[in-house]
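Colleague: Pasted the sequence and its predicted model underneath.
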Amino acid sequence: MDPLNLNNLPSIKPLTETGTASSQGTSNAEGANFGDILKQALQEVNAAQSTAAQEARNLMTGETTDMHTAILAVQKADVSFQMMMAVRSKLIDAYREVMRTQM
């Protein structure tokens, strides 16, 4: 199970001889851009968090006795959140690096 659904990302286009990405990468049939992919990933992390909270609530109230499902949902939400925070840190680092470049 891939909480961020990384298997559905569009493939990376190879570099052309001049060192730039091929122009087909921006006009692919899927039309997914980075913002859309990031938004979808955040929504999936939020859904995992909600599912984990619901499973924990069900376990505490006695609606379910399946502890394994609750623990699995909580762990999945935790890993998803850690991954999201790592991506956030890398994005902030990249933004700071771009801002440091001199014109």
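Modeller: Received the coordinates, thanks. A quick note: this is a predicted structure, and the numbers were derived from the prediction, not measured.
Colleague: now the chain, which segments are flagged as low pLDDT?
Modeller: 1-31 (pLDDT under 70).
Colleague: Quickly note the distance from residue 48 to residue 32.
Modeller: 21 Å (C-beta to C-beta, to the nearest Å). The C-beta positions use only the backbone N, C-alpha and C, and glycine is treated the same way.
Colleague: Could you do residue 73 as well?
Modeller: From residue 73 to residue 32 the distance is 27 Å (C-beta to C-beta).
Colleague: Same check on residue 38?
Modeller: 10 Å.
Colleague: Quick one: the helices in the protein, in order.
Modeller: According to DSSP state H, the chain carries its helices in the segments 34-61, 67-100.
Colleague: Rebuild these as JSON lines, extending it with mean neighbour count.
Modeller: Output for the helices of the chain, formatted as JSON lines (neighbours: other C-beta atoms under 10 Å):
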{"stretch": "helix 34-61", "mean neighbour count": "15"}
{"stretch": "helix 67-100", "mean neighbour count": "13"}
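Colleague: Let me see the contact set for residue 42.
Modeller: residue 84 (C-beta atoms under 8 Å, 6 or more residues apart in numbering).
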